[in-house]
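Asker: Fold the following for me, if possible:
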Amino acid sequence: MTQNPSKLFDVPSEWNRLSEAVIGAAIDVHKTLGPGLLERLYEQAMVYELLQRQIPFRQQHRVAVSYKNAVLGETVLDLVVGDVLVVELKSVEKVSDLHLAQLVTYLRTARLPLGLLINFNCTRLKDGLYRRVLSNNTPSPACFHSDHTPLPSAASAFALQGGGA
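Answerer: Okay, the predicted model is just below:
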């Protein structure tokens, strides 16, 4: 018996709402700044938008990389939103298969189920949006369990980074 292909990528509605909110923030950033800037500038604009929208996130989140039983070092994720969503930001001429494979590797390494790659260097942002689901059987992350301590508020995260109003 074959599965309905659309069911393979179904994710909880909470995850869809979160990714839609991040995409909405990215659209506002792109409308205001347009293409052609450095990735770090888009990242700072995304941080601003996420803060304004009170969406919990971590910026430049470090994740340990292991090989078998050995910790090799760390990798750094641009943004982790709501303990569910890895957001990889790019400002490149063309997104390659390697960029998309990198996003999936980040999902596996961070053990997070959902990823967005957003390339701001395009005329229409919708042409620069890529979403990946680690697995349709990925269990809900801890943030959806009542005993989980939530992320720090976006405002406190920004204050810790030296930002503010």
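Asker: Which secondary structure element is home to the closest residue to residue 25 other than its chain neighbours?
Answerer: Nearest residue to residue 25, sequence neighbours excluded (Cβ to Cβ, 6 or more residues apart in numbering): residue 49, at 3.7 Å. Glycine gets a C-beta too; all of them are placed from N, C-alpha and C. Assigned by DSSP states H and E, residue 49 belongs to helix 39-52.
Asker: Can you get me a residue count around the residue nearest to residue 25?
Answerer: The tally of other residues near residue 49 (other Cβ atoms under 10 Å) stands at 19.
Asker: For residue 81, see how far away it is.
Answerer: 11 Å (Cβ to Cβ, to the nearest Å).
Asker: All the strands of the chain, residue numbers only.
Answerer: 57-67, 70-81, 85-90, 114-119, 129-133 (DSSP state E).
Asker: could you dump the ones you listed to a markdown table with mean neighbour count and distance to residue 10?
Answerer: Formatted as a markdown table, the strands of the chain follow (neighbours: other Cβ atoms under 10 Å; distance: least, Cβ to Cβ, whole Å):
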| stretch | mean neighbour count | distance to residue 10 |
| --- | --- | --- |
| strand 57-67 | 15 | 24 |
| strand 70-81 | 15 | 20 |
| strand 85-90 | 23 | 16 |
| strand 114-119 | 24 | 12 |
| strand 129-133 | 17 | 9 |
